[in-house]
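# Have a look; sequence and predicted model below, questions after that.
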Amino acid sequence: AMIGVYKRGLRLALELARRGHEVVFFCTGREFYHDSLTEQAEQCIQFIDIPFAKAIYEGALKNRATFLSTLSEIKPDVVVIGEAPMIGPLLETTLSAVELKIPVVCLDNAFRPEFVRSFWNNHGPMFDGMILNGPSSLYWDNAPVHLLQVPPFVDPSIPDAEHLVRQEFDEDPGKLVTVLAYDLNVAELATSIFKDLSDASLSIVYISPDADQIEQCRNQLPDQIRSRTRMITPPDDKTLFGLIKLSKFAITKCAYMQVTESLSLGTPV
């Protein structure tokens with residue numbers, strides 16, 4: 001349901017695998033999302049699916065038995081929970097790991113210093129450690145030692161991004177703008193802005209998994225802007241983050257990860 005949460009977990013898992021750790025990954029609904037990151041992960045990470053029944057009455061007992069037996073069989077050294085476990089499989093995994101006395105770490109976002117303190121008070125007692133992503137301006141000063149506050153997991157490749165830009169634009173792209181148009185509403189909003197611009201040095205890249213769907217947006221642009229607008233499918237992470245870093249600004253939806261990843265790369269949103 002939350003692609004951003006899934007991808008954040010995959011980035012951490014891939015780095016752990018690169019450092020020699022054996023990683024087992026469980027994410028409900030993962031079969032509905034595929035990109036270059038998931039393809040890369042499938043080469044070095046073991047994915048599993050744990051059955052989850054409707055969590056009432058007998059279903060609750062069945063869930064606990066299933067999750068306890070699965071974790072007991074895997075025997076992990078640590079369990080990382082991808083976001084605050086409010087309900088469902090995330091909560092069941094957390095409670096089962098605690099019952100089996102396996103160290104548990106929560107991975108989530110730091111929205112502001114006050115939120116970090118509140119988050120720690122509400123969820124900290126369940127965990128042996130907590131990792132919160134966010135720009136340093138959102139950190140909680142003098143946080144407990146087992147609360148780690150870190151920047152978003154972004155690793156840009158400027159050369160790969162520059163190569164992509166050269167492929168798309170035969171000339172100097174000038175003022176590059178990246179539109180994270182995974183949501184059609186974002187594409188339409190960006191188009192409404194670009195309609196009123198006539199800067200000949202402006203170059204625009206719309207990124208969408210369905211470029212054909214947003215082609216109608218480009219057709220609405222003035223000729224001078226339309227000729228310097230490209231619609232591409234999402235590149236690999238390193239190229240994507242490099243492209244954002246090269247941009248004068250990015251247009252995104254109001255999504256924490258998209259906003260903070262862009263800001264952490266020094267790009268206004």
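Received it, and whenever you're ready, just let me know what you need.
# CA only for contacts and neighbour counts going forward, please
Fine.
# what about the closest residue in space to Thr239 that isn't next to it in sequence, helix or strand, and which?
With sequence-adjacent residues excluded and distances taken as Cα to Cα, 6 or more residues apart in numbering, Thr239 is closest to Ala161, at 4.8 Å. Ala161 is part of helix 158-168 when elements are defined by DSSP states H and E.
# which helices and strands sit right next to that helix?
Under the contact definition 3 or more Cα pairs under 8 Å, 6 or more residues apart in numbering; DSSP states H and E, helix 158-168 sits against helix 237-246.
# Between helix 158-168 and the helix it packs on, find me the angle.
Angle, helix 237-246 to helix 158-168, by axes from the mean of the first three to the mean of the last three Cα atoms, to 10 degrees: 80 degrees.
# Could you list every helix and strand that helix 237-246 packs against?
helix 158-168, strand 175-180, helix 256-264.
# Single out the most deeply packed of these.
strand 175-180 (a mean of 21; mean count of other Cα atoms under 10 Å).
# Alpha carbons of that strand, as CSV, please.
Taking Å, rounded to 0.1, in the frame of the first residue of the first chain, the C-alpha atoms of strand 175-180 are listed here in CSV:
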residue,chain,number,x,y,z
LYS,A,175,17.4,25.5,-16.3
LEU,A,176,16.4,21.9,-15.6
VAL,A,177,13.2,21.1,-13.8
THR,A,178,12.2,17.6,-12.7
VAL,A,179,8.5,16.7,-12.2
LEU,A,180,7.9,13.5,-10.1
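# Mean confidence (pLDDT) on that strand, please.
Mean pLDDT, strand 175-180: 94.
# strand partners of that strand, parallel vs antiparallel please.
Strand 175-180 has its sheet partners listed here by DSSP bridges as strand 202-207 (parallel), strand 249-251 (parallel).
# and Trp140, how many neighbours does it have?
17 (other Cα atoms under 10 Å).
# The strands paired with strand 175-180: which one's closest to Ile232?
Closest to Ile232 of these, according to Cα to Cα: strand 202-207, at 5.1 Å.
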